[in-house]
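Asks: predicted structure and sequence below. I'll ask about it afterward.
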Amino acid sequence: MKLILASASPRRKDLLRAAGFKFQARSSSVEPPPRPGESPVAYARRAARAKALSVAALAPAGALVLGADTVVVAGNQILGKPADAADAARMVRRLSGRVHRVVTGVCLVRAPRRVAALRHETTHVRFRKLSEAEIRAYVESREPLDKAGAYGIQGRASKFIRGIEGCYFNVVGLPVPLVCEMLKTFSDLTI
């Protein structure tokens with residue numbers, strides 16, 4: 001049995017490859033919005049489950065599908081992907097000089113629809129105080145425009161980070177140690 005990653009994210013693919021996994025990637029078009037009053041953890045888990053189930057419905061019976069959803073949380077507000085440059089600047093400004101959380105929901109589904117595992121990882125990230133010129137230059141680089149929370153820790157935003165508490169890979173987009181722990185129980189998985 002092979003592993004199927006329910007994502008088109010190049011970062012998630014790179015992380016799984018670097019960890020030595022053999023897998024196929026199939027994009028999930030599912031992107032459920034947060035529900036009113038839903039906690040960031042509940043939302044990340046629900047979105048990861050929805051993505052895994054959508055890909056598993058079309059996968060060969062018995063295949064193991066890995067779905068993940070990462071959200072950046074400032075206060076208790078989920079910061080998704082920015083709508084435009086002004087939205088990206090607003091998000092980065094909100095993170096400047098503060099600690100925020102990055103939560104990734106991870107779901108494994110045995111095709112076609114059996115949820116085998118559902119967990120999450122939380123990492124705390126501390127940004128240094130940024131100047132308006134730094135924020136403007138970062139947004140002009142266009143790097144933040146396709147990323148949750150409007151930044152990529154592995155890219156140009158690395159210079160903004162004062163420290164993290166928790167899993168670095170979680171902030172990149174996939175908590176690899178958690179995924180490995182979850183996959184250990186599947187002896188029929190080809191790695």
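Replies: Looks like it arrived, so ask away.
Asks: shaky segments in the chain?
Replies: For the chain, applying pLDDT under 70 flags the ranges 1, 187-191.
Asks: what's the longest helix in it?
Replies: Ranked by residue count under DSSP state H, the longest helix found in the chain is helix 40-56.
Asks: elements contacting that helix?
Replies: strand 64-74, strand 99-110, strand 114-127 (3 or more C-beta pairs under 8 Å, 6 or more residues apart in numbering; DSSP states H and E). Quick note: C-beta positions are derived from backbone N, CA and C, even for glycine.
Asks: 10 Å instead, please
Replies: Helix 40-56 sits against strand 3-5, strand 64-74, strand 77-79, strand 99-110, strand 114-127, with contacts defined as 3 or more C-beta pairs under 10 Å, 6 or more residues apart in numbering; DSSP states H and E.
Asks: measure how buried the residue lying closest to Gly67 once chain neighbours are set aside is and give me the count.
Replies: Closest residue in space to Gly67, ignoring its immediate chain neighbours: Ala52 at 2.8 Å, by C-beta to C-beta, 6 or more residues apart in numbering. Neighbour count of Ala52, defined by other C-beta atoms under 10 Å: 35.
Asks: how near is Ala52 to Leu66?
Replies: Per C-beta to C-beta, to the nearest Å, Ala52 is found 7 Å from Leu66.
Asks: what is in contact with these two at once?
Replies: Shared contacts of Ala52 and Leu66, defined by C-beta atoms under 10 Å, 6 or more residues apart in numbering, comprise Ile4, Leu5, Ala6, Ser7, Val106, Cys107, Leu108, Val109, Ala117.
Asks: roughly how far apart are the fourth one and Ala117?
Replies: Using C-beta to C-beta, one gets 17 Å for the distance from Ser7 to Ala117.
Asks: between those two, which one's more packed in?
Replies: Between Ser7 and Ala117, counting by other C-beta under 10 Å, Ser7 is the more crowded of the two (24 against 19).
Asks: in terms of contact, does the more buried one touch Ala25 like I think?
Replies: Yes: using C-beta atoms under 10 Å, Ser7 is in contact with Ala25, at 6.4 Å.
Asks: quickly list what's touching both of those two.
Replies: Counting by C-beta under 10 Å, 6+ apart, the contacts common to Ser7 and Ala25 are Lys13, Leu16, Val55, Leu66.
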